[in-house]
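**Student:** A predicted structure for the sequence below; I have some questions about it.
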Amino acid sequence: LDSAMFLGDFNFALEPTARSLASDGPGRLAAELLEREYARVLATNDENAVFRLPTELEAVLWEGLATPAGRQALSVLDGCPETIALPLPLNCEGGGLSKLVLQSMPP
């Protein structure tokens with residue numbers, strides 16, 4: 001077995017990635033605001049706390065999600081990994097798979 005194809009859907013994980021923090025435009029602003037919000041939330045000891053998005057972050061997300069170009073710009077926030085390492089190679093007659101490489105869907 002040289003390769004295998006698995007089809008499925010990974011949900012979008014909103015995360016201030018290094019790529020998003022280095023980008024230009026609304027993706028970077030959203031990443032910076034989100035990073036600040038995560039720090040605020042993590043500093044809280046209340047396990048049952050509910051946090052409302054800050055007004056500025058909410059506005060950036062609503063504006064970005066309203067158009068195809070905006071959604072494309074915010075896609076840099078996708079924290080879904082590019083590869084998934086497998087704990088043990090899936091052996092098939094001496095060979096094996098050591099990782100899954102995820103391919104993005106076209107915009």
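**Tutor:** Looks like it came in fine. Computed from a predicted structure; not experimentally measured.

**Student:** Show me what the longest helix along the chain packs onto, helices and strands only.
**Tutor:** Of all segments of type helix in the chain, defined using DSSP state H, the longest is helix 26-42. For helix 26-42, the packing partners by 3 or more C-beta pairs under 8 Å, 6 or more residues apart in numbering; DSSP states H and E come out as helix 18-21, helix 55-65, helix 68-74. C-betas here are computed from N, CA, C, even on glycine.

**Student:** so what pLDDT did the residue most central in space within the chain get?
**Tutor:** Of all residues in the chain, the one closest to the mean position by C-alpha atoms, centre = their mean is Gly79, 1.8 Å from it. Looking at Gly79, its pLDDT is 71.

**Student:** and it, backbone torsions?
**Tutor:** Main-chain dihedrals, Gly79, degrees, to the nearest 10: phi -90, psi 10.

**Student:** can you pull the contacts of the closest residue to it other than its chain neighbours?
**Tutor:** Spatially, and ignoring its direct neighbours in sequence, Gly79 is nearest to Glu15 (2.8 Å; C-beta to C-beta, 6 or more residues apart in numbering). Listed by C-beta atoms under 8 Å, 6 or more residues apart in numbering, the contact partners of Glu15 are Leu34, Leu77, Asp78, Gly79.

**Student:** Thr44 versus Glu15, what's the distance?
**Tutor:** As judged by C-beta to C-beta, to the nearest Å, Glu15 and Thr44 stand 19 Å apart.

**Student:** Ser23 too?
**Tutor:** 28 Å.

**Student:** about what we covered before: got a quick ChimeraX command for the buried subset of the contacts of Glu15?
**Tutor:** In ChimeraX syntax, the buried subset of the contacts of Glu15 is picked out as below (16 or more other C-beta atoms under 10 Å):
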select :34,77,78
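
**Student:** which stretches of this structure aren't confidently modelled?
**Tutor:** 1-13, 87-96, 104-107 (pLDDT under 70).
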